[in-house]
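Trainee: what's the 3D shape of this:
(4 chains)
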Amino acid sequence: MTEIVALEALAARVTSGQSLAIPVDGSGVAMAATAALLEAGIHDLKLICVPISGLQADLLIGAGAIAALETSAVSLGEAGAAPRFTAGVKSGAFALRDSTCPAIFAGLLAAQKGVPFMPIAGIIGSDLLEVRPDWQVIDSPVGEARKVVVVPAICPDVALFHAPEADRAGNVRIGRHRELANLAYAARRTLVTVERIVDRNLLETEDSAAGVLPSLYVEAIAVAARGAWPLALWDEYPADEAEIARYAAMARSEDGFRAYLSTFLSHRKQVA
Amino acid sequence: MTEIVALEALAARVTSGQSLAIPVDGSGVAMAATAALLEAGIHDLKLICVPISGLQADLLIGAGAIAALETSAVSLGEAGAAPRFTAGVKSGAFALRDSTCPAIFAGLLAAQKGVPFMPIAGIIGSDLLEVRPDWQVIDSPVGEARKVVVVPAICPDVALFHAPEADRAGNVRIGRHRELANLAYAARRTLVTVERIVDRNLLETEDSAAGVLPSLYVEAIAVAARGAWPLALWDEYPADEAEIARYAAMARSEDGFRAYLSTFLSHRKQVA
Amino acid sequence: MSAERERREILIAAIADLLDGISHVAVGASSPIPAAGAMLLRARNQRDGKPPVRISILGSQAHNFFTNGGIELFDCAAQGRVDAFFLGGGQIDSQGNINLVGTGDYPKTDVRWPGSFGSAYLYHLIPRVILFREEHTPRVLVPKVDFVSARAITPEVRRRGGPYALLTNMALFDFDRDAGGFALRSVHPPFTPADIRENTGFIYEEPAVVRQTPRPDPATLALLRGTILDELAETYPAFARAMKQAA
Amino acid sequence: MSAERERREILIAAIADLLDGISHVAVGASSPIPAAGAMLLRARNQRDGKPPVRISILGSQAHNFFTNGGIELFDCAAQGRVDAFFLGGGQIDSQGNINLVGTGDYPKTDVRWPGSFGSAYLYHLIPRVILFREEHTPRVLVPKVDFVSARAITPEVRRRGGPYALLTNMALFDFDRDAGGFALRSVHPPFTPADIRENTGFIYEEPAVVRQTPRPDPATLALLRGTILDELAETYPAFARAMKQAA
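Mentor: The predicted structure is shown next:
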């Protein structure tokens, strides 16, 4: 059954060397937990961005926590390119697995369904097939004769995300952000931070249950108020655009990134 | 955009010879629409039960409306075997494609994703593979070396189901009955009956939106009060067990079935 | 009626014992005895301070914590998140294969049953599948099923799932996956090993001394006749009522 | 600033024209001009009693009627339920291939862009993909991209999707799928065909007489500067503000 723990205890459940799946900015990114991971000196993570990332991936890359990165893009959105990602690609700081959004979802879906691979439409002709030897083009073994791309299952060791609320049993409200459920179904273990724990049973009514990830999939939950900051959390709070722009500017240089990181970590400690 | 039409007009959108996908008893079975289909003299349907059926399939079979049947089971549940299904199998009244529940979902998922097939765990060793030459066992083309069953996409011409409510834009509340969304994603056209049309926008809040099938997938909606009767509709109303038992008893004979059908059709007309 | 109650109570207690150690069991829609067995295990674990047990009852509103539609049980099993499940069979054979389709030549079978449901899939994926079929006769327990809805053993593929035991009105068998067959574990009172031999259409291992399936102890009976019947009434009102009336 | 407004208004109107006839268009998260074009088409159709237009804006709460998570746009495209979409590119080549990854040798590219996003997939599946890249220079419009994020034409597989047009700050090109290349349709004021030749790094068809991209007519401008800016403000407040200030 789901345990409710402190943020540091939650972060301690992620081990260096593991594969870690994270959602796209705005969908429920566990930034407070990311600070706790960095504080704890996490390293050699195999990061899987579902299907892209921004500030979270760039922070982890800049801090040297990433050994491998699978993603369809890393970008700060309106704030521009992700500077540590760009620098890291150039210096070969991590093993890079470029992907395309639905292929990452397809890999997770294969894990969800306990099959070794998943077919996916499109992609043929893309150079991604050249740089992803783990992907193949096959003739469909059944149905209409057709070439189709197949990608291997993606089974993250850990999925980590942030959501508005969970109940005491560990059910997590994800609304229509079902990509968070896709993460949890595929991952061996799922860790969630939330704005708050509620006393009511989120599975009680058909309406509230529809937007819930059941506790069955959730190993541990920690409360982290404004835990996605400076990113947005659905309609709970908007992104702190000024903060992200400040990051984008500072992280252009290695020194600037270090300075930002230090402030970011101490900010998180003040909040906690 | 979704049209809101009368029940008969909705039924008229299903054409003899089409493949028709329907959900399991209790999940939201459009019994009133089924009566309207039978009233209109529908025939030669290729019925796809997602993943099993009961009274609805048995009625359609008994009325001679079915040319082909793909299902993982037909059963009246507590009320016992489905008599017209059993008789129809023996007399070869329809082409039968026996399946297993997750294989039907896998076929629909392939259609949802625009791929010609879907891999699925398990099944190996089952005689279903003998009677389903359209299924294959292949070596996984990527990832771990492993034999895996693949099944072709199932693309129903029409999906038909019943739900508690829709809004005026055609968004349908399906709660956590996401199998209804699976039907709609896969089908070329989706027809829905509902207990009521509501004035509020079902997509308005994150909580209510989570349990909604968007109107994008819904061609037409008709109001049919107690439209799943005598089957249950979620927590809206329970199954009419006495009526189902009465059916089970009467439908043992061809004559009994005819008598039941006649009463069933006139009952529906009285309600309408 | 009291003999009927005793029969059911023995089955329920046997199921709770078979489930010991699991953390998540799924139960089919019309399976009050398996559900009662699962609830008994849950109540007993709770009483004894043992790890909690999660019970999914398909088709139940109260015991449903799935939120992804009809596929979720199957996905969940594929992910290794379901430890135990129950399957029946119109025929069950010596190798543990089950037939939910019919007898005679397919497709125009002599006797047609509803169909394979999820058996062909779940048998591969759920580690502890308990075959539960109350009728114990040579026509159910056959040497070889006419149609294999789900095969028990497939050496050609790695699998975590398969049969764990077979429980009938008369006896409890263990399934030995290495040997690929059943071994009689115990016989329910008032039956004898000879009754089992007579009513079983397939070959099975029989130990030199055959135990009797234990009757539930008083503490178990108290739980069963109290808490469990109340919990059952929510999902299986008719069954719970019958059990209460038999008291 | 007024020239900047005129430039944007021409692009928005051109996009509305390119989308004519579609019923569902999806727009990426940070794409105010494509979104404005889609909104303009919707408003115009509504005004003229033409079929309604559905607009999905990724990442928007207000223009989001997906309820199945991040995958739904992709599934929806595979089902043929998305008629039009916009893609950009760090490089776009004469054959319509786009590069969102970087220049130079992969993986340690000289210039690295964010990545391919969903392009490799959506280019195959959405019938009317509009390549929209404001910068019109030889470094963007290249003979051959350094990395093919998404290929425009793949004779080896049947596909419904691919490039429909290329719209830049300077010109509008049609894409001819049979010929496999671009043809200049019109040049935005104040540019000339010679400007286009000078700033395009790839070969394209040029008609004998090159039209000027039309400026929006007064009725269109009224819609654009009224309703559309109000609608845009919901999702792209900064963009809508800039457009209003330029007035």
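
Trainee: specify the beta-bridge partners of the nearest residue in space to A:P156 that is not next to it in sequence.
Mentor: Leaving aside its sequence neighbours, A:P156 sits nearest to A:A21 (C-beta to C-beta, 6 or more residues apart in numbering or on different chains; 3.7 Å). Placement of C-beta: from N, CA and C, glycine included. Beta-bridge partners recorded for A:A21 (DSSP bridges): A:I48, A:A159.

Trainee: what is the burial count for the residue of chain A at minimum distance from chain C?
Mentor: Closest residue of chain A to chain C, C-beta to the nearest C-beta: A:G114 (2.9 Å). Residues lying near A:G114 (other C-beta atoms under 10 Å in any protein chain shown) number 24.

Trainee: please report how far it lies from D:Q245.
Mentor: From A:G114 across to D:Q245, the span is 56 Å (C-beta to C-beta, to the nearest Å).

Trainee: rewinding a little: my guess is the residue of chain A closest to chain C meets C:L125, correct?
Mentor: Yes. Here A:G114 reaches C:L125: they are 6.7 Å apart, a contact under C-beta atoms under 8 Å.

Trainee: what touches both of these two?
Mentor: B:121, C:77-78, C:80 (C-beta atoms under 8 Å, 6 or more residues apart in numbering or on different chains).

Trainee: which among the residues you listed count as buried?
Mentor: By neighbour count, with 16 or more other C-beta atoms under 10 Å in any protein chain shown, the shared contacts of A:G114 and C:L125 hold B:121, C:77-78 as buried.

Trainee: need those residues in CSV with pLDDT, distance to A:I52 and secondary structure, can you?
Mentor: Below are those laid out as CSV (pLDDT from 0 to 100; distance: C-beta to C-beta, whole Å; DSSP: H, G, I helix; E, B strand; the rest coil):
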residue, pLDDT, distance to A:I52, secondary structure
B:A121, 98, 29, coil
C:A77, 98, 31, helix
C:A78, 98, 27, helix
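
Trainee: can you tell me which of those is nearest chain A?
Mentor: C:A78 (2.9 Å).

Trainee: doesn't A:P116 make contact with that closest one?
Mentor: No. The criterion here is C-beta under 8 Å, and C:A78 misses it with A:P116 at 11.5 Å.

Trainee: just the strands in the chain please.
Mentor: This is for chain A. A:3-5, A:19-23, A:45-50, A:66-71, A:95-98, A:117-120, A:136-139, A:147-152, A:158-167, A:172-173, A:189-198, A:212-213, A:220-223 (DSSP state E).

Trainee: wait, I meant chain C there
Mentor: Along chain C, counting by DSSP E, strands occupy C:24-27, C:54-57, C:84-87, C:91-93, C:98-99, C:102-103, C:111-112, C:128-132, C:141-142, C:163-167, C:171-176, C:181-187, C:211-212.

Trainee: can I get those strands in CSV with mean neighbour count and distance to chain D?
Mentor: Listed next are the strands of chain C as CSV, based on neighbours: other C-beta atoms under 10 Å in any protein chain shown; distance: least, C-beta to the nearest C-beta, whole Å:
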stretch, mean neighbour count, distance to chain D
strand C:24-27, 25, 24
strand C:54-57, 21, 23
strand C:84-87, 25, 28
strand C:91-93, 25, 40
strand C:98-99, 27, 35
strand C:102-103, 22, 37
strand C:111-112, 20, 36
strand C:128-132, 23, 32
strand C:141-142, 24, 45
strand C:163-167, 23, 36
strand C:171-176, 21, 40
strand C:181-187, 20, 45
strand C:211-212, 12, 53
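
Trainee: ok, which of the ones you listed comes nearest chain B?
Mentor: Smallest distance to chain B across those (C-beta to the nearest C-beta): 4.5 Å, for strand C:111-112.

Trainee: ok, now how distant is the residue of chain A closest to chain C from chain D?
Mentor: The span separating A:G114 from chain D equals 18 Å under the rule C-beta to the nearest C-beta, to the nearest Å.

Trainee: now do the phi/psi pair for that residue.
Mentor: Here is the backbone geometry of A:G114 (degrees, to the nearest 10): phi 60, psi 30.

Trainee: from chain B, how far off is it?
Mentor: Computed as C-beta to the nearest C-beta, the A:G114 to chain B distance reads 4 Å.

Trainee: report pLDDT for that residue.
Mentor: On the pLDDT scale, A:G114 is placed at 97.

Trainee: just A:V271 next, same as before
Mentor: Looking at A:V271, the pLDDT reads 65.

Trainee: C:A29 now?
Mentor: Note on C:A29: pLDDT of 76.

Trainee: what residues does it make contact with?
Mentor: If a contact means C-beta under 8 Å, 6+ apart, then C:A29 has B:77, C:57-60 as its contacts.

Trainee: got it, and C:R8?
Mentor: By C-beta under 8 Å, 6+ apart, the neighbours of C:R8 are C:33, C:36, C:243.
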